[in-house]
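Q: what's the 3D shape of this:
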Amino acid sequence: MRTMLMAGAVAAMFSWSAGARAAVVPHPRAEAQALELAEKAIALRSVRGPGNMTPQVAALYKAALVAGGFADADVTITPVDDTAYLIARWPGSDPHLKPLVISGHMDVVEARPADWKRDPFTPVVENGYLFGRGSTDMKLDGTLAIASLIELKREGYQPRRDIIIEFSGDEETTMKTSAIIAEKLSNADLVLNIDGGGGVLNEATGAPEYFTWQGAEKTYADFQLTVTNPGGHSSEPRQVNAIDELAAALLRIHDYRFKPELNELTRASFVEAARHEDPATAGAMRAFAADPADPRAIAVLAANPATVGKIGTTCVVTMIDGGHALNALPQRASANINCRIFPGHPPARIMAELARVAADPAITFQDVTVGSVATDASPMRPDFVAAVTRALAGPYPGVPIFPAMSSGASDSMWFRHVGAPSYGASPVFIKQSENFSHGLNERTPIATIAPAIDYYLSLVADLSK
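A: I've put the predicted structure just below:
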């Protein structure tokens, strides 16, 4: 029944192109296994805290890998606090080559059943979609990669370099296991982060519009601003008020704009992405790519929430706290400034820049960031770009492919921090309006399964030869 359901979904997805239908080579065992494993994984509530079932997800994945031909000793599960991480190695024929690492995570964001139309931890396949927490972020992606590696073994493939697939256990929270894994695998030749990148489907037709691979992430940082004051009775106002002082500084920061900038990756992204935008945005993208100091282009891109984060560092106030009594002058006021820093800038330098903008020596600045490190962009490696292009040519012929920079954080950050180039390269295609990662009623079209398997078989073999 499941195989028939997937076959029907795949046929519907590729109905716009006979060439695309012919290009996808079916792998029914891998396709069925990916969906079945995803359903089992979704049913395990792998959320940090009491009852965390991430270790059970790891056990599920290990059982599938060992049954699929991995040596039991080559698949390890390591407990850490209330979670765990998994590392599985497929030895290559040349031990002198650095390994290819496939990176993912097993934990998910909390989901309250009362808020959902369907129980988030009861997987449901309905109307061509897999529903459940983790269907998009990222249990289906994880099982697609697992099923693809097992299919490669089934077909008799032998890699030259080691292939390592690993899953962290707290990517959505502390990233403690993410950092541990990156340190252990810092000698990777290349990391395929299957929790980033991906394809976009047309909202009206469902046809694939473009695919992006993620080659950089902005650095996450939290800075705490604090003003202290002796305070006093509210009936006797003073010239200096801690809340007023902090508010004035926050308004100066609000009005400040960091210098717009480009790197090789974002320039290429703007040039290619412009083809899929409205005329005004497209023109601004092209102009900015040609000259990042163009004031008109900056004005257009800075006014759009979808693009302002792509042209440089952004910092916004996210929390404030002040005062201690309704009838007393405040003795303390504080605020949190959350920054997403353009690659190449240390957080300390950005904090110092904010202090200059605040222009008040009475305000103290403290970096209170947890679980983040600064990283540069990964290089635009021709071998990776070529391999992705070949892998997509079969299931998605002619679909534009270009790089992107993420404003969020993923496990790629930890690999880049230790010098291992990491690239977000998920093969899942989805409509932007239907991407509910971290949100309610998360779902992913099951029609993406067959072409994703096709993609992984090509990409992994290409990069492990």
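
Q: can we go C-alpha only for contacts and neighbour counts from here?
A: Fine.

Q: how many residues are close by residue 259?
A: Neighbour count of residue 259, defined by other Cα atoms under 10 Å: 11.

Q: now it: closest residue in space, sequence neighbours ignored.
A: Spatial nearest neighbour of residue 259, chain neighbours left out: residue 312 (6.6 Å); criterion: Cα to Cα, 6 or more residues apart in numbering.

Q: how close does that neighbour get to residue 155?
A: Applying Cα to Cα, to the nearest Å, the value for residue 312 to residue 155 is 46 Å.

Q: looking at those two, which is more packed in?
A: Neighbour comparison, residue 312 and residue 155: the larger count goes to residue 312, with 20 against 9 (by other Cα under 10 Å).

Q: tell me who's in contact with the more buried one.
A: 258-262, 341-342 (Cα atoms under 8 Å, 6 or more residues apart in numbering).

Q: most surrounded residue in the residues you listed?
A: Greatest neighbour count in the contacts of residue 312, by other Cα under 10 Å, goes to residue 342: 30 neighbours.

Q: you'd agree residue 111 is in a strand?
A: No - with DSSP: H, G, I helix; E, B strand; the rest coil as the criterion, residue 111 is coil rather than part of a strand.

Q: what about the helices in the stretch 251-400 of the chain?
A: Assigned by DSSP state H, counting those that start in this stretch, the helices in the stretch 251-400 of the chain fall at 264-273, 279-290, 295-302, 347-358, 382-393.

Q: what's the offset of the shortest one from the middle of its chain?
A: Per Cα atoms, centre = their mean, to the nearest Å, the displacement of helix 295-302 from the mean C-alpha position of its chain is 26 Å.

Q: format the helices of the stretch 251-400 of the chain as a markdown table; extra columns: mean neighbour count, mean pLDDT and distance to residue 172.
A: Formatted as a markdown table, the helices of the stretch 251-400 of the chain follow (neighbours: other Cα atoms under 10 Å; pLDDT from 0 to 100; distance: least, Cα to Cα, whole Å):
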| stretch | mean neighbour count | mean pLDDT | distance to residue 172 |
| --- | --- | --- | --- |
| helix 264-273 | 20 | 94 | 26 |
| helix 279-290 | 19 | 97 | 32 |
| helix 295-302 | 17 | 97 | 28 |
| helix 347-358 | 17 | 98 | 21 |
| helix 382-393 | 17 | 97 | 27 |
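
Q: who wins for proximity to residue 86 among those?
A: The closest of the helices of the stretch 251-400 of the chain to residue 86 is helix 382-393. By Cα to Cα, the value is 24.7 Å.

Q: beyond the closest one, next helix or strand please.
A: The first helix or strand that comes after helix 382-393 along the chain, using DSSP states H and E, is strand 401-406.

Q: and residue 294, how far is that from residue 336?
A: According to Cα to Cα, residue 294 stands 31 Å off from residue 336.

Q: the more surrounded of these two?
A: More crowded of residue 294 and residue 336, by other Cα under 10 Å: residue 336, with 22 against 14.

Q: now the more buried one, nearest residue through space, not along the chain?
A: Excluding the flanking residues, the one nearest residue 336 by Cα to Cα, 6+ apart is residue 224, at 4.7 Å.

Q: what do you get for residue 377?
A: Nearest to residue 377 is residue 216, by Cα to Cα, 6+ apart, at 4.4 Å.

Q: now do the helix or strand where that neighbour lies: which elements does it pack against?
A: For residue 216, the host element (DSSP H and E) is strand 208-217. In terms of contacts (3 or more Cα pairs under 8 Å, 6 or more residues apart in numbering; DSSP states H and E), strand 208-217 is packed against strand 198-201, strand 401-406, strand 422-424.

Q: the second one: how far from the chain's middle?
A: Using Cα atoms, centre = their mean, the mean C-alpha position of strand 401-406 is found 12 Å from that of the whole chain.

Q: over to stretch 142-157?
A: 23 Å.

Q: isn't residue 461 right next to residue 156, touching?
A: No - Residue 461 lies out of contact with residue 156 (Cα atoms under 8 Å); the separation is 11.5 Å.

Q: number of nearby residues for residue 107?
A: Residue 107 has 34 neighbours, counted by other Cα under 10 Å.

Q: an error on my part: the question was meant for residue 325.
A: Close neighbours of residue 325, defined as other Cα under 10 Å, add up to 11.

Q: and it, what pLDDT?
A: The pLDDT attached to residue 325 in the predicted structure is 96.

Q: quick one: it from residue 336, how far?
A: Taken as Cα to Cα, the span from residue 325 to residue 336 is 21 Å.

Q: how about residue 33?
A: As judged by Cα to Cα, residue 33 and residue 336 stand 45 Å apart.

Q: list the contacts of stretch 108-125.
A: Stretch 108-125 has contacts (Cα under 8 Å, 6+ apart) with 39-40, 42-47, 130-134, 137-138, 172, 438, 440-442.

Q: buried residues in that stretch?
A: By 16 or more other Cα atoms under 10 Å, the buried positions in stretch 108-125 come out as 108-111, 118-125.

Q: start to end distance for it?
A: Terminal residues of stretch 108-125 lie 19 Å apart, using Cα to Cα.

Q: chain center to that stretch: distance?
A: In terms of Cα atoms, centre = their mean, the centre of stretch 108-125 is found 21 Å from the chain centre.

Q: now stretch 310-330: buried residues?
A: Neighbour counts using 16+ other Cα under 10 Å place 310-315, 317, 320, 322-323, 329-330 of stretch 310-330 among the buried residues.

Q: returning to that earlier point: may I have the strand holding residue 216 exported as PDB, CA atoms only?
A: Below are the C-alpha coordinates for strand 208-217, written out as PDB (Å, rounded to 0.1, in the frame of the first residue of the first chain):
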ATOM      1  CA  PRO A 208      10.500  22.800  -9.100                       C
ATOM      2  CA  GLU A 209      11.700  26.400  -9.400                       C
ATOM      3  CA  TYR A 210      15.300  26.300  -8.000                       C
ATOM      4  CA  PHE A 211      17.700  24.600  -5.700                       C
ATOM      5  CA  THR A 212      20.100  26.300  -3.200                       C
ATOM      6  CA  TRP A 213      23.000  24.800  -1.400                       C
ATOM      7  CA  GLN A 214      24.100  26.500   1.800                       C
ATOM      8  CA  GLY A 215      27.700  27.500   2.000                       C
ATOM      9  CA  ALA A 216      27.700  30.000   4.900                       C
ATOM     10  CA  GLU A 217      25.800  30.900   8.000                       C
END
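
Q: thank you, goodbye.
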